[in-house]
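Asks: all I have is the shape, not the residue letters:
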């Protein structure tokens, strides 16, 4: 297409067809599946026999219970490539929607069954449909052993990316615990990218809130959306400080929708902690925390003005753009304007790395996007490499 700058996206979503799933799943699982009952000013979220109420936004939005008022392919995967072509998006990581609630289940066997069913659906509808789709297979969150088994199964099915909640389910050890070591080892051996998408913390159904800091009162919508970004940072800290990434240098981690400008600052803070508290560090590292973060953590942003500058000026090469399709805070409808802004804010080599190269490094099987029809940038450069630290 003329006047299209082709890019890759490290963050998007698919809305699973729950009505079709109900027809295929055993009846006992019908009430286990997440669904939403919409009222005038609120909605009830029902999951695994649990219910909590949340305030409805005043503007129309995409309901994850299949009520799509957004892009044509939000609830119809057959139209997804058409939507991608219209926006100049070549390859994209596709996260589930129902799967975002994975750490909130309580029933082990039912959860395992639904996860496997959902991943088989992702394979059939996305993975097998086009190499341009990189679906993130959902992992069971109630058992580390189940997560390891599903990781191995999905790797065998051809998945290149798996998805964990930013915080494990209640009662499951956190990611800095050694119980997760076989999971990291299996992911590294299979060359599977392990992704964490913000907004996936377990929900406390007694209070109707996620387990963690929740704000109310003036500004709560902005405060709570911003708060989700910190969960992605905490995951990165745990994997670095525990030595998990240091022991598995070929393991790649994708932190989706947490922004990217935080990585260098977090690296500085962790370096300071490691240097001055080394006598009490239980697991000495072969590399500095910042070096590990820069090498193995990939972070996506959609609109942030600081992310391209971090890549250009501070040497963090693993900044990735993501369109967060089809969510309200995503770029659907103005993707090309956003990408034009990325190229205008930094050297074209850095912009290419952000919008094409970092993604291709994680998922080379997707193939190269079409050559950009627009000029590469003010300096005429079109190399896919950004300066290193």
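Replies: Everything's here; your move. Just so you know, these numbers come straight off a predicted model, no measurement behind them.
Asks: residue 106 contacts residue 50, correct?
Replies: Yes - with contact defined as CB atoms under 8 Å, residue 106 reaches residue 50; the gap is 7.2 Å. To be clear about C-beta, it is placed using only N, CA and C from the backbone, and glycine gets the same treatment.
Asks: so, low pLDDT: which residues of the stretch 1-150 of the chain?
Replies: 1-2, 54-70 (pLDDT under 70).
Asks: quick one: the strands in it?
Replies: Applying DSSP state E, counting those that start in this stretch to the stretch 1-150 of the chain gives strands spanning 7-13, 35-38, 42-47, 50-55, 89-95, 133-138.
Asks: dump the ones you listed into TSV; add mean neighbour count and distance to residue 251 as well.
Replies: Below are the strands of the stretch 1-150 of the chain laid out as TSV (neighbours: other CB atoms under 10 Å; distance: least, CB to CB, whole Å):
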stretch	mean neighbour count	distance to residue 251
strand 7-13	28	17
strand 35-38	15	35
strand 42-47	17	31
strand 50-55	13	34
strand 89-95	26	17
strand 133-138	27	16
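Asks: output those strands in a markdown table, with distance to residue 308 appended to each entry.
Replies: A markdown table is the format used below for the strands of the stretch 1-150 of the chain (distance: least, CB to CB, whole Å):
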| stretch | distance to residue 308 |
| --- | --- |
| strand 7-13 | 13 |
| strand 35-38 | 36 |
| strand 42-47 | 36 |
| strand 50-55 | 34 |
| strand 89-95 | 18 |
| strand 133-138 | 23 |
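Asks: who wins for proximity to residue 218 among those strands?
Replies: With CB to CB, the closest approach to residue 218 among the strands of the stretch 1-150 of the chain belongs to strand 50-55: 14.3 Å.
Asks: surely residue 255 is in a helix?
Replies: No - secondary structure assignment (DSSP: H, G, I helix; E, B strand; the rest coil) places residue 255 in strand, not in a helix.
Asks: residue with max distance from the center of the chain?
Replies: residue 279 (35.1 Å; CA atoms, centre = their mean).
Asks: SS state for that residue?
Replies: helix.
Asks: dump the residue contacts of it.
Replies: Residues in contact with residue 279 (CB atoms under 8 Å, 6 or more residues apart in numbering): none are found.
Asks: please apply the same query to the one 4 residues further on.
Replies: Remark: with contacts taken as CB under 8 Å, 6+ apart, residue 283 is in contact with 241, 242, 243.
Asks: of those, which belong to helices?
Replies: Judged by DSSP state H, helices contain the following of these: residue 241.
Asks: dump the contacts of residue 283 to CSV, plus distance to residue 331.
Replies: As requested, the contacts of residue 283 are exported to CSV (distance: CB to CB, whole Å):
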residue, distance to residue 331
241, 33
242, 34
243, 37
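Asks: where exactly do the helices run in the stretch 251-389 of the chain?
Replies: In the stretch 251-389 of the chain, the segments counted as helices under DSSP state H, counting those that start in this stretch are 262-276, 289-296, 306-313, 335-345, 348-352, 358-362.
Asks: deepest of these, which one?
Replies: With neighbours taken as mean count of other CB atoms under 10 Å, those reach their highest mean count in helix 348-352, at a mean of 25.
Asks: check which helices and strands it is in contact with.
Replies: Where contact means 3 or more CB pairs under 8 Å, 6 or more residues apart in numbering; DSSP states H and E, helix 348-352 is packed against helix 306-313, helix 335-345.
Asks: what angle do strand 89-95 and the longest one make with each other?
Replies: Our comparison of helix 335-345 with strand 89-95, counting by axes from the mean of the first three to the mean of the last three CA atoms, to 10 degrees, yields an angle of 100 degrees.
Asks: please renumber so the chain begins at 44
Replies: Sounds good: first residue 44 from here, last item helix 378-388.
Asks: tilt between helix 378-388 and strand 50-56?
Replies: 130 degrees.
Asks: next one: helix 378-388 to chain centre, how far?
Replies: 21 Å (CA atoms, centre = their mean, to the nearest Å).
Asks: before we move on, what about the shortest one?
Replies: Relative to the chain's own centre, helix 349-356 is displaced by 20 Å; criterion: CA atoms, centre = their mean.
Asks: contacts for that helix, please.
Replies: 302-304, 306-307, 344, 359-360, 362, 385, 388-390, 393-394, 396-397, 429-430.
Asks: so residue 297 touches residue 343, yeah?
Replies: Yes - using CB under 8 Å, residue 297 makes contact with residue 343 at a distance of 7.2 Å.
Asks: which neighbours do the two share?
Replies: Residues touching both residue 297 and residue 343 (CB under 8 Å, 6+ apart) are 53, 363.
Asks: what sits up against stretch 193-201?
Replies: Against stretch 193-201 from outside (CB under 8 Å, 6+ apart): 155, 158-159, 162, 166, 170, 180, 182-183, 205, 226, 229-230, 233, 235.
Asks: if you set the cut-off to 6 Å instead, what comes out?
Replies: 162, 166, 180, 182, 183, 205, 229, 233, 235 (CB atoms under 6 Å, 6 or more residues apart in numbering).
Asks: of these, which belong to helices?
Replies: Using DSSP H, the contacts of stretch 193-201 in helices are 162, 229, 233.
Asks: just the buried subset of the residues you listed, written out for PyMOL, thanks.
Replies: Buried residues among those (16 or more other CB atoms under 10 Å), as a PyMOL selection:
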select buried, resi 162+229
